[in-house]
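Q: sharing a model prediction with you, sequence too.
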Amino acid sequence: MSNADPRPRPWFPLPRLRGRVGEGAVAASQARGTGPLPNPPPQAGEGMDNRATGAITIRWSRIALPIMTLALGVAAWDLVVRVKDIPPFILPGPGRVAATVVSDWPVLWDSLLVTLATTFYGLALALAGGVGLAILFNQSRLIEHSLYPYAVILQVTPVVAVAPLLLIYLPQQAAVLACAWIVAFFPILANTTLGLNSVDRNLVDLFEIYGASRIKVLLRLKLPAALPYMLGGLKIAGGLSLVGAVVAEIAAGSAGAGSGLAYRIAESAYRLNIARMFAALILLSITGIAIFFALSLASYLLLRRWHESAIAGEP
Amino acid sequence: MTEIASEHTAVHQTAATPPVVTFQGVVKRFASGTLALDQLDLAIRNGEFVSLLGPSGCGKSTALRLIAGLAEPTRGSISWSGTPLPTLPRRRRRVGRGARNKPEVGFVFQEPTLMPWATVVRNVMLPLELEGVERRLATKRAVQALERVGLASFCDSYPRELSGGMKMRVSIARALVTDPPLLLMDEPFAALDEITRFKLNDDLLELWRAVGRTVIFVTHSVFESVYLSNRIIVMTPRPGRVFTELAVDAPYPRDESFRTSAEYARHCRIASQALSRAMASAL
């Protein structure tokens, strides 16, 4: 993490707090006893220590601040429920929701696994379908012109509206999977197509000079060049796949037997079990966050050696 | 393919040396209708260092692409060692290479044109791998090519970790790795700063003397063309034609003392005047 800039960085990533204001903020955090710095506020010219602590402060604040916000929000929620004495079948307090997560864990866990499996298979199929179609489009104008409009139509038609139809013609599992696939494959297709078409012209010429076959151009030039784009699409698709799965589960409604988290939400709504609705919702959020981080990590690991997006901050 | 190279390693060439590549009345019109080359005649002899000098857009790069087989002439013919090359379907070029008697070429683009996802050594061994050379042998030859440009210790670096000049060296190493009898360079140093460019000019001359290949060097810099080449072909603005040819008979090795000599200045003046007249001829 060697950095050419000798000035102390603003520790706090808000646009208005810059430069010297940042130092004041560090001092203020120490006065409250919340700052991580036992040392006096960093001065310009202290070199490495200064920069290292600055970086740690930034990292610390990036984690601590959202948690603090969350804590405040939960506290406010709890306060409102207590003061207004709201009955739990309208709005349960955070404590009750937490208790429900624990007490209903076996049911919720099984549902979570179902939703996760659907999301994962949907995403895997979307990756295969999106990349496969993008390669086909790249190799043949004819196929691209014949199919691309329908890929767009599939994307712009709201999946909520398609799901009930799919549920009529397909078994429930397959319909849910199809919904996850429909919403997830387009970003991968669009991004990979863009990537395959963004190859350095000179490199294409170079491959031609050495008589490379089409398949070698694809495998050794086009696919590696498209990888960052593909991973960008995958990151979007991960969240969308979860959305597709949830939409289809909700649409399936009470029909399902071994059903996912979204089904639990619908079911709990009928039973006025609001606490369980919140519990399932929280698990869904956590799942989405986990998918996003997992895909970000995969993207970082694949690109960290060479792509600009993954090497920011390093020399 | 390599017998052309091994027969002639001498640096100084005479008109008696057989041409490696000959253009006869070559016309190139793009699909857009632009006439890039009009009746281009030239002969590149074995072992020469020839510069194509001309303003931007005069079709010098197009001529280079025709030699590399990246485009076909609209009319006229390009022949190798005196043999005219039959026109083949584009996709069958690899099969056709032997039949056409077209020697392998090394190509250096204006940009380094490296694959950012591959290490330096993987970049340099790419031409060998595409030609089906076994991996271990390809690695060995790539390392040797990198040694020649002084970058053997950067084998496992990624292109982004290198400076502009170093990337260009890698690009030159890649062009040389297949030992091509003909090296084509398309304004390779145009994007570099002057200090780096001078250094790379010196290194290129040394390399040329060491490996004894024919070099066709496209440039719009009078100074660079005089410093490097033993023959300068001045081209007219679009459509490109040969305006005149200049011999730079100063002996090699050339170094800093040549760059500051009166002789160098004289050649530069002649080339510069020729270029001005070539520009004026188009008006």
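A: Nice, thanks for sending it over.
Q: okay, CA-based contacts and neighbour counts for the rest of this
A: Fine.
Q: contact residues of the stretch 1-150 of chain B facing chain A?
A: Listed as neighbours of chain A in the stretch 1-150 of chain B under the rule CA under 8 Å from any CA of the partner chain: B:68-70, B:93-94, B:105, B:107, B:109, B:113-118, B:127, B:130-131.
Q: of these, select the buried ones using a ChimeraX command.
A: For selection in ChimeraX, the members of the residues of the stretch 1-150 of chain B next to chain A meeting the burial criterion (16 or more other CA atoms under 10 Å in any protein chain shown) are listed in this command:
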select /B:68,69,93,94,105,107,109,113,114,115,116,117,118,127,130
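Q: so which of the residues of the stretch 1-150 of chain B next to chain A sit within strands?
A: Among those, the subset assigned to strands under DSSP state E consists of B:105, B:107.
Q: tally of neighbours for the residue of the stretch 1-150 of chain A found nearest chain B?
A: Here the residue of the stretch 1-150 of chain A nearest chain B is A:Gln139; by CA to the nearest CA that distance is 14.1 Å. The criterion is other CA atoms under 10 Å in any protein chain shown. On that basis, A:Gln139 has 15 neighbouring residues.
Q: kindly report the same for B:Leu192.
A: B:Leu192 is surrounded by 16 other residues when neighbours are defined as other CA under 10 Å.
Q: residue contacts, it?
A: Taking CA atoms under 8 Å, 6 or more residues apart in numbering or on different chains as the definition of contact, the neighbours of B:Leu192 are B:164-165.
Q: again with A:Tyr229
A: A:191-192, A:194-195.
Q: pLDDT score for the residue lying closest to B:Trp80 once chain neighbours are set aside?
A: The shortest distance from B:Trp80 to any residue other than its chain neighbours is 4.6 Å, reached at B:Val21 (CA to CA, 6 or more residues apart in numbering or on different chains). At B:Val21 the predicted local confidence, pLDDT, stands at 88.
Q: report the secondary structure element holding residue 185.
A: Just going to use chain A. Counting by DSSP states H and E, the element that carries A:Phe185 is helix A:172-196.
Q: looking at chain B here, not the other one
A: When secondary structure is defined using DSSP H and E, the element that contains B:Met185 is strand B:182-186.
Q: before we move on, what about A:Phe137?
A: Taking DSSP H and E as the criterion, the element that holds A:Phe137 is helix A:105-139.
Q: look up how far chain B lies from the closest residue to A:Lys235 other than its chain neighbours.
A: Nearest in space to A:Lys235, with sequence neighbours left out and distances taken as CA to CA, 6+ apart, is A:Leu295 at 5.8 Å. A:Leu295 sits at a distance of 20 Å from chain B (criterion: CA to the nearest CA, to the nearest Å).
Q: what about stretch A:162-169, average pLDDT?
A: Per-residue pLDDT values across stretch A:162-169 average out to 89.
Q: quick one: buried residues of that stretch?
A: If you call a residue buried by 16+ other CA under 10 Å, then stretch A:162-169 has these buried ones: A:162-164, A:166-167.
Q: for the residue of the stretch 51-200 of chain A found nearest chain B, which non-adjacent residue is closest in space?
A: Distance from chain B to each residue of the stretch 51-200 of chain A (CA to the nearest CA) is smallest for A:Asp200, at 7.7 Å. With CA to CA, 6+ apart as the criterion, A:Asp200 has its nearest non-adjacent residue at 7.7 Å, and that residue is B:Thr113.
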